[in-house]
Structures are given as C-alpha cells and as structure tokens.
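In: using only what follows, build the 3D model:
(one chain, ligands or ions: 1)
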Amino acid sequence: MTRVLVISDIHANITALEAVLADAGNVDEVWCLGDIAGYGPDPNECIQRIRALPQPTCMMGNHDYAAIGDMALETFNIDAKKALLWQRNILTDSSKDFLHTFLQEPKVCGEVTLVHGSPRDPIWEYIMNTLVARINLDHFETPWCFVGHSHFQAVFKHHVETDEMSIEVPGVGKQYELNGRAILNPGSVGQPRDRDPRAAYAIFNPEAKIWEPRRVEYDIKSVQQRILDAGLPPRHAERLAGGW
Ligand code: ZN
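Out: Take a look at the predicted model:
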C-alpha cells in the first residue's frame with residue numbers, strides 16, 4: 001500500500017517539519033503543496049530536508065515565489081514582507097535553485113490534482129468557504145484536489161444531489177474514505193491558523209482512497225526563540241503558540 005505524505009505551508013519551521021516527518025513514519029512519496037519559505041527562521045534547513053525526502057513533488061507557493069522572484073512585495077502585509085526580505089538575503093544559491101524547480105501549474109498525480117492555492121489560481125487564491133470551493137470544482141478534472149495556502153485543515157465534499165460543497169473540520173483521528181469529488185487541505189505544518197497550534201499534515205493512501213488528516217505537537221518555544229534571535233517580527237513567534 002502506498003503511503004503519500006501530504007504537507008503544506010511549512011513556512012521555514014524546521015522543528016515542526018521534523019516532528020511531522022517523525023510522526024508520519026515511512027512514506028513512499030511526498031507531496032508538498034507549497035510555502036516552504038516565508039515567516040519562519042529556517043528556510044535553508046527546511047528546503048534541504050524536503051529535497052532529501054523520497055520522491056518529493058513540490059508546488060510553488062506565494063511565499064516561495066516571492067522569496068526567489070524579483071516581484072514587488074506589496075501584496076504581503078508588513079510583517080510577512082519583513083520575513084521575505086530577510087529570507088531573500090539568507091537563502092543560499094542551492095536553496096534558490098531548488099525553489100525555482102517548484103511547479104506553478106496544477107500537477108496531476110493519479111486521481112489527484114495538486115496546487116498551492118486553488119486550481120483556478122494555483123499560487124494566489126484561497127479556498128476558505130464552500131462557494132469558492134464549488135467554483136473551483138469546475139477547474140480540475142480528477143476526483144480530488146489537494147490544496148494548501150489557507151493554513152486550515154479542511155475537507156470540502158461535493159454533493160451531487162444539490163451540486164453544493166460542504167466543509168468539515170476534521171476531528172482527532174478521523175479518517176475519510178473518499179468516494180465523491182472533494183477538495184482537501186492538510187493544514188499547515190509550520191504556522192497553523194485554525195486555533196490548534198499543533199503541526200498539521202495528512203497521509204493519503206491512493207489505493208484504499210483514504211485521507212487521514214493528522215496533528216502533532218512540537219517544541220514551539222525553540223522556534224519562537226529562533227524567530228526573535230533572527231530579528232524577525234515577534235508577531236510570527238506569538239501566533240505559533242495560539243495557532244492563528
Ligand atoms: Zn502559507
């Protein structure tokens with residue numbers, strides 16, 4: 001049975017990433033839905049770690065794009081912008097080379113389409129509600145689409161009878177047997193925003209068609225300390241403890 005590790009929005013938090021990798025155990029493939037860069041203190045460490053994993057497929061996130069691009073950072077808020085400017089300076093050439101390989105268009109892996117934001121706008125659009133989820137259903141052809149970007153662990157299911165989407169926030173230990181079409185978000189490894197500070201990720205089993213959202217605790221204090229030591233905005237440290 002194939003085990004696929006699905007991760008997103010690591011945001012340069014190596015402590016959360018290591019906790020997720022340890023908790024996930026052996027996996028056959030890794031699908032990373034973007035935003036390894038941005039916010040946190042450890043962008044090079046996270047990039048090297050992902051690069052060394054078995055079969056990583058990496059989608060381009062908006063922060064990855066901004067970290068390597070020469071785009072203006074006006075679309076980002078002031079604190080996000082500060083971290084991006086700092087990361088542009090400390091990213092090694094080798095890290096930048098790897099970020100440049102990230103996919104900007106939706107990637108089809110078997111029955112799943114992978115994007116960072118949404119199939120309609122792969123790098124930038126947030127799928128936060130059922131209406132936007134429904135609109136995006138017409139922008140991919142596989143049964144399922146895995147998205148990141150919102151930092152919310154969520155399951156959007158399509159209901160054929162009403163042609164509407166529902167949203168469910170996974171409870172502890174809940175597994176989903178996928179049958180109808182769905183849009184699934186594994187949540188954020190390095191900066192969860194759903195008021196649960198534990199690192200979020202998912203395990204996907206393509207043969208059994210099972211989606212298993214998971215959470216794992218990690219040493220938040222050590223990351224907060226590195227954020228402050230690096231002179232990054234204290235807000236990025238504070239929010240980790242509250243999951244916002
Ligand atoms: Zn993000």
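In: hey, let's count contacts and neighbours off CA atoms from now on
Out: Noted.
In: residues in contact with the longest helix seen in the chain: which ones?
Out: Identified as the longest helix of the chain according to DSSP state H is helix 78-90. Applying C-alpha atoms under 8 Å, 6 or more residues apart in numbering, the external contacts of helix 78-90 come out as 37-40, 43-44, 63, 66-68, 73-74, 232-233, 235-236.
In: and the strands in the protein?
Out: 4-7, 29-32, 56-58, 107-109, 112-114, 144-146, 153-159, 164-168, 176-177, 182-186, 199-205, 210-216 (DSSP state E).
In: just give me the neighbour total for L21.
Out: Number of residues near L21 (other C-alpha atoms under 10 Å) recorded here: 18.
In: make that N26, sorry
Out: Neighbours of N26 using other C-alpha under 10 Å come to 12.
In: which residue, neighbours along the chain excluded, lies closest to it?
Out: R3 (7.8 Å; C-alpha to C-alpha, 6 or more residues apart in numbering).
In: tell me the spacing between the one you found and A80.
Out: 33 Å (C-alpha to C-alpha, to the nearest Å).
In: any idea which residue is closest to the centre of this protein?
Out: S8 (1.5 Å; C-alpha atoms, centre = their mean).
In: hmm, I36 and it touching each other?
Out: Yes. Counting by C-alpha atoms under 8 Å, S8 touches I36, with 7.5 Å between them.
In: still on that earlier bit, could you dump the strands of the chain to a markdown table with mean pLDDT and mean neighbour count?
Out: Shown next, in a markdown table, are the strands of the chain (pLDDT from 0 to 100; neighbours: other C-alpha atoms under 10 Å):
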| stretch | mean pLDDT | mean neighbour count |
| --- | --- | --- |
| strand 4-7 | 98 | 26 |
| strand 29-32 | 98 | 21 |
| strand 56-58 | 97 | 22 |
| strand 107-109 | 98 | 15 |
| strand 112-114 | 98 | 23 |
| strand 144-146 | 98 | 25 |
| strand 153-159 | 98 | 22 |
| strand 164-168 | 98 | 16 |
| strand 176-177 | 97 | 12 |
| strand 182-186 | 98 | 27 |
| strand 199-205 | 98 | 25 |
| strand 210-216 | 98 | 21 |
